[in-house]
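1. Sequence unavailable; structure follows:
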């Protein structure tokens, strides 16, 4: 666990927000082009209801985490949560990059 405390949290939190934004954008593009479907039923319902609500939820939750982190950074579970969220969004973005690449290859 000491490795987690030595990670550059501020940079990781900024990347977390960026990754959540790119996740929302790539998911939106994938849905609009009929390349993918949203797997989360609640997020799918939000997307179908209004795209602004979709983007709002996708961006507000990481933003809340960014705002709460300074108040709770002394708690070990916050550092662990930040690392887990960062890695999760990193892998989701890598997945998006993979399917965008495959879609572009198949289009040619």
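-> Yes, it's here. Treat the numbers as computed from the prediction; the structure is a model and nothing was measured.
2. can you pull the buried residues of the helix or strand harbouring residue 46?
-> Assigned by DSSP states H and E, residue 46 belongs to helix 41-49. For helix 41-49, burial by neighbour count (16 or more other C-beta atoms under 10 Å) applies to 43, 46, 47. Glycine gets a C-beta too; all of them are placed from N, C-alpha and C.
3. do the same with stretch 23-34
-> 23, 24, 26, 27, 28, 30, 31.
4. Which single one of those residues is nearest to residue 59?
-> Proximity of the buried residues of stretch 23-34 to residue 59 (C-beta to C-beta) peaks at residue 24, which lies at 6.6 Å.
5. tell me the contacts of that closest one?
-> Applying C-beta atoms under 8 Å, 6 or more residues apart in numbering, we find residue 24 in contact with 54, 55, 58, 59.
6. If we use 7 Å, what do you get?
-> For residue 24, the contacting residues are 55, 58, 59, by C-beta atoms under 7 Å, 6 or more residues apart in numbering.
7. for residue 62, same thing?
-> For residue 62, the contacting residues are 16, 17, 20, by C-beta under 7 Å, 6+ apart.
8. For it, which non-adjacent residue is closest in space?
-> Distance criterion C-beta to C-beta, 6 or more residues apart in numbering; nearest residue to residue 62, sequence neighbours excluded, is residue 20 at 4.1 Å.
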